[in-house]
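Colleague: sequence and predicted structure, then a few things I'm wondering about:
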Amino acid sequence: MARETSEPNTQPIARNRRARHEYQILETWEAGMVLTGTEVKALRNGKATMSDAYAIVRDGEVFLLNLHIAPYEQGHQFNHEPTRTRKLLLHRKEIRRMIGAVERQGLTLIPLDLYFKRGRAKVVLGLGRGKKLHDKRADARKRADERDMARAAARAARTR
């Protein structure tokens, strides 16, 4: 399981806000990324978009697709392709577990967070099952109810 990204040595870069709305996250892993120099510099400037990104398992390796890292301004001819396929670094045991879940159960690997941890770019992958429309509505209703209860409790505490 992935550790929380609230450690003091982490710098957040990007977060996939739609992922938790569109998918029910069952399990998470922290993975390293194989990047080029201009990609790292662009990430340090916060130039990443994760909205359409997903991961696949191919030949016993995990790859991240559609992660958009904008070209580095001072990169010139050595700049990278913005949406190239990037290899993720995981333990073999974790990859085997992913293969089983993705192939047999029909689940999806979605990147949730992208951050620097002790100078290394890390991504948190979530194993997700797509939500149906009624599930999304139920989650929204539950959040609204919790918000109303918190307001009522705060109002009751003020009147005492």
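Modeller: Good, I have the coordinates.

Colleague: low pLDDT regions in this structure?
Modeller: Scanning the chain for pLDDT under 70 picks out 1-9.

Colleague: do that again at 80, thanks
Modeller: 1-11, 74-78, 103-104, 106, 160 (pLDDT under 80).

Colleague: what's the longest helix in it?
Modeller: helix 133-159 (DSSP state H).

Colleague: which secondary structure elements does that one sit against?
Modeller: Judged by 3 or more C-beta pairs under 8 Å, 6 or more residues apart in numbering; DSSP states H and E, helix 133-159 is in contact with helix 19-22. Every residue, glycine included, has its C-beta placed from N, CA and C.

Colleague: quick one: the closest residue to residue 67 other than its chain neighbours and residue 38, what's the gap?
Modeller: Excluding its sequence neighbours, the residue lying closest to residue 67 (C-beta to C-beta, 6 or more residues apart in numbering) is residue 53, at 4.2 Å. Residue 53 sits at a distance of 19 Å from residue 38 (criterion: C-beta to C-beta, to the nearest Å).

Colleague: so which of the two has more stuff around it?
Modeller: residue 53 (23 against 18; other C-beta atoms under 10 Å).

Colleague: is it true that that one touches residue 63?
Modeller: No - using C-beta atoms under 8 Å, residue 53 makes no contact with residue 63, being 10.9 Å away.

Colleague: quick one: contacts for the residue positioned nearest the centre of the chain?
Modeller: Centroid-nearest residue in the chain, with C-alpha atoms, centre = their mean: residue 112, separated by 1.4 Å. For residue 112, the contacting residues are 15-16, 19-20, 25, 28, 123-126, by C-beta atoms under 8 Å, 6 or more residues apart in numbering.

Colleague: again, only using 7 Å
Modeller: 16, 19, 28, 124, 126 (C-beta atoms under 7 Å, 6 or more residues apart in numbering).

Colleague: do the same with residue 128
Modeller: Contacts of residue 128 by C-beta under 7 Å, 6+ apart are 19, 23-26, 107-108, 110.

Colleague: nearest to residue 137, of those?
Modeller: residue 24 (13.9 Å; C-beta to C-beta).

Colleague: what secondary structure does that closest one sit in?
Modeller: Residue 24 carries the three-state label strand when classified by DSSP: H, G, I helix; E, B strand; the rest coil.

Colleague: how many other residues sit next to it?
Modeller: When neighbours are counted by other C-beta under 10 Å, residue 24 registers 15.

Colleague: then the one 3 residues further on?
Modeller: A total of 15 residues lie near residue 27 under the criterion other C-beta under 10 Å.

Colleague: much appreciated, bye for now.
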